[in-house]
Each structure stands twice: as structure tokens, then as C-alpha cells.
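Asker: structure for this input, please:
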Amino acid sequence: MMGAHVGIISPSTFFPRFPPTSLIKTKINTSPVCSISMSMDPVREWILSEGKATKITKISPVGGGCINLASRYDTDSGSFFVKTNRSIGPSMFEAEALGLGAMYETGTIRVPRPYKVGELPTGGSYIIMEFIEFGASRGNQSVLGRKLAEMHKAGKSSKGFGFDVDNTIGSTPQINTWSSDWIQFYGEHRLGYQLKLASRQYGDSLIYERGQRLVKSIGKLFENVAIEPCLLHGDLWSGNISSDKNGEPVILDPACYYGHSEAEFGMSWCAGFGASFYNSYFEVMPKQPGFEERRDLYMLYHYLNHYNLFGSGYRSSAMSIIDDYLALLKA
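Answerer: As a prediction, this is how the structure comes out:
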């Protein structure tokens, strides 16, 4: 392998406070337009140059992930968090870095700042980001709700619904092709994609047929609702929520895109949001008419994804939501 490829995590868009050499710009999802000679350890090379460290004092494994390997690099200039994947190219980490950068630039809720994405010389890829020392708890639910709402309010897109790159939800591809129509976007790129995957993977024609009937009818749930494209974390469950050592909320491992703010609560069945969270959130982003009726529609995407990722244990929950909506909408 002759060179290291790094993705377009554009410093001018997401990282204006970083030195321009902190990331090497290339075109994402195309052939790279520039390369650097590959060192045997590009992570160490970056930390000891652009990371401004003169020595690495300790490298420790960090648990909790099921897709990537994670490590903490302690140095004389601070600590860095590094994720590596030996079998996947840099596109997944490029998308993660773009999402983290977009959330960071809102100046609202704390996220790890991404520094560098690249290829490993033996295959696979890595991402280097800020290391955040987590506190003893997941933090204050009320503060989390307010900060998340502030992010939704600040993170807007003039391009509509979607994101500049496709990314992943867990290990499932998440299609983010831009659309001016939220109902079409959610029906096609969220529910429709998962239904096709279930049909292809399990031969589940029943959930596919009923799900497609629902997709054609969901417009009724959005009558008299103003929908703005808000920056979403996209995969907000308890494992992706923490707090720093000062108790401030931290969110990580995003599957970002611009969508209807309510879609952020699609993983609420796995997030443990309480009344104080929602009360604080809706003080900043007022609740829209029909919110309760749409809540399960946004959960359905994640139940379908869990069905596709983890098997039949999640099928009944997904089917139950579909059947309830078909009855409600008389579809």
C-alpha cells in the first residue's frame, strides 16, 4: 500500500479553531486527491507531530464498543481517544468525524472533537479524537434535555433533510441523500430501507408489505406540523450518553443527519429519558401537535434496525407498531 488516505473532514467547515494541517482534505467517497507517505504507525506519528506531544507515556484499552477497538493514548500534552477498525476503510470514521464536527460547531452540548481520520498500513482505519474524562453518572437529565434542544435549534441545514455523506446506524448503512420533503425522506431512506433489508435478509414479506402500506400513509401524522431540518445525533441511547467530570452531559458515537427534531427520540426505549428531560427539552423546542401520535413511528426505525442487526427478538415490537398505525390510519 503506497499511501494513506484521509477523508474530507473539512477544517473550514467544521474545524475553524484547529490548525489547517490537523486533517488532510480529500474528496469523500472518491479517490483521494492527496496522500502522505505511510508510516508504520500513523496514529503515533500524528500524536507526536500535529498532536504536539513529545512522548506517549501510556496506551490503555477502553472497553464498551462492539464494532471498533478503542484506546486511550496518554501523552505529555494531554490524552487522545483512538478508535481503530482492522477490516473497514476510513469512510465510516470520516462520517463519524463529520457528525462530531457538526455537533461541536453548534457550541451547545459537549462532544469529543475529532482530529484525524486515516488508513492503517496493515489494512483498516483509525480516528483520533479528544479524550473526555467521564464522570460517575450520566449527568443531569434536565441539563441533557436543554442542551440537546439547543443543539437542534442551532444546527440547521439549507440543503433540506439528509447529510453530506451516508453513515451507519450500528453497522447498518444509513442513507442520507438530501431531500426537501421530510415525509418522503423518512419513508424511503429510513423505514423503507429497513423494510427492504428485512425482506432481503429474512424473506419477511409480511412485515415488508404491511410496512410499505404504512409508509404510504404516514403523511396524515404530520398535518399542521412545521418541520425544519435540525441536526440530530441520530443514535441517542444510554450507551451514547455520558457526562464529563464536571457533570456536564456528553454525547458520542453519532449517526448524524438533518431531520425532524422528534426523530431524535426514536431510541428513547433504550435511553431512559425521564420527565425532567422532556420538560427541559420542550422549554427550548416547544412540543408540536401530534407529538405523542408520532413517537412510535420514530421508534419503529430503530426497532426495525435492531431486527435486522440482532434477529427475530425485535420483530414483534416492530410488527406491533406497524399494525397499530395501520389500524389508526385505516390504511
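Asker: okay, CA-based contacts and neighbour counts for the rest of this
Answerer: Noted.
Asker: and the longest helix along the chain, how far from the chain's centre?
Answerer: When the chain is parsed with DSSP state H, its longest helix is helix 291-310. Taking CA atoms, centre = their mean, to the nearest Å, one finds helix 291-310 lying 16 Å from the centre of the chain it belongs to.
Asker: residue contacts, residue 52?
Answerer: Residue 52 sits next to residue 77 when contact means CA atoms under 8 Å, 6 or more residues apart in numbering.
Asker: so how far is residue 82 from it?
Answerer: The gap separating residue 52 from residue 82 is 16 Å, by CA to CA, to the nearest Å.
Asker: likewise for residue 267?
Answerer: 26 Å.
Asker: looking at those two now, which is surrounded by more residues?
Answerer: residue 82 (25 against 21; other CA atoms under 10 Å).
Asker: helix, strand, or coil at that one?
Answerer: With DSSP: H, G, I helix; E, B strand; the rest coil as the basis, the three-state label of residue 82 is strand.
Asker: how close does it sit to residue 60?
Answerer: In terms of CA to CA, residue 82 sits 10 Å off from residue 60.
Asker: what are the ranges of the helices in the chain?
Answerer: Under DSSP H, the chain gives helices at 11-14, 42-47, 91-105, 141-154, 182-185, 193-202, 205-215, 275-284, 291-310, 315-329.
Asker: for the longest one, name the packing helices and strands.
Answerer: Judged by 3 or more CA pairs under 8 Å, 6 or more residues apart in numbering; DSSP states H and E, the packing partners of helix 291-310 are helix 193-202, helix 315-329.
Asker: okay if I get the ones you listed as CSV plus mean pLDDT?
Answerer: Conversion of the helices and strands packed on helix 291-310 to CSV gives the following (pLDDT from 0 to 100):
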stretch, mean pLDDT
helix 193-202, 98
helix 315-329, 98
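Asker: could you find the closest non-adjacent residue to the residue sitting nearest the centre point of the chain?
Answerer: Central residue of the chain (CA atoms, centre = their mean): residue 255, 1.6 Å from the mean position. Nearest residue to residue 255 in three dimensions, chain neighbours excluded: residue 234, at 4.7 Å (CA to CA, 6 or more residues apart in numbering).
Asker: quick check: residue 250 touching residue 110?
Answerer: Yes. Contact criterion CA atoms under 8 Å: residue 250 and residue 110 qualify, at 4.9 Å.
Asker: which stretches of the stretch 51-200 of the chain aren't confidently modelled?
Answerer: 64-66 (pLDDT under 70).
Asker: I'd like the distance between the closest residue to residue 266 other than its chain neighbours and residue 318.
Answerer: Spatial nearest neighbour of residue 266, chain neighbours left out: residue 299 (4.0 Å); criterion: CA to CA, 6+ apart. Taking CA to CA as the measure, residue 299 falls 9 Å from residue 318.
Asker: how long is stretch 99-112 from one end to the other?
Answerer: Start-to-end, stretch 99-112 (CA to CA) is 11 Å.
Asker: renumber starting at 625 from here on
Answerer: OK, 625 is where the count begins now, so the last one is stretch 723-736.
Asker: just the buried residues of that stretch, please?
Answerer: Using 16 or more other CA atoms under 10 Å as the test for burial, stretch 723-736 gives 723-730, 732-736.
Asker: got it, and stretch 766-784?
Answerer: Under the neighbour-count criterion of 16+ other CA under 10 Å, stretch 766-784 has 766-781, 784 buried.
Asker: then stretch 799-808?
Answerer: 799-800, 802-803, 806-808.
Asker: same question, stretch 880-899
Answerer: Across stretch 880-899, burial judged by 16+ other CA under 10 Å covers 880-892, 895, 897.
Asker: how much space between the residue lying closest to residue 900 once chain neighbours are set aside and residue 720?
Answerer: Excluding the flanking residues, the one nearest residue 900 by CA to CA, 6+ apart is residue 766, at 5.0 Å. Distance from residue 766 to residue 720, counting by CA to CA: 26 Å.
Asker: excluding covalently adjacent residues, which one is nearest to residue 846?
Answerer: By the measure of CA to CA, 6+ apart, the closest residue to residue 846 outside its immediate chain neighbours is residue 914, 7.6 Å from it.
Asker: and that neighbour, what are its phi and psi?
Answerer: The phi/psi pair for residue 914 (degrees, to the nearest 10) reads phi 80, psi 10.
Asker: check residue 851 too.
Answerer: According to degrees, to the nearest 10, residue 851 has phi -110, psi 120.
Asker: quick one: pLDDT of the residue nearest to it when sequence neighbours are not counted?
Answerer: Sequence neighbours aside, residue 884 is the residue nearest to residue 851 in space, at 5.9 Å (criterion: CA to CA, 6+ apart). What the model reports for residue 884 is a pLDDT of 98.
Asker: these two touch, right, residue 884 and residue 854?
Answerer: Yes. The pair residue 884 / residue 854 is scored as a contact, 6.1 Å apart, by CA under 8 Å.
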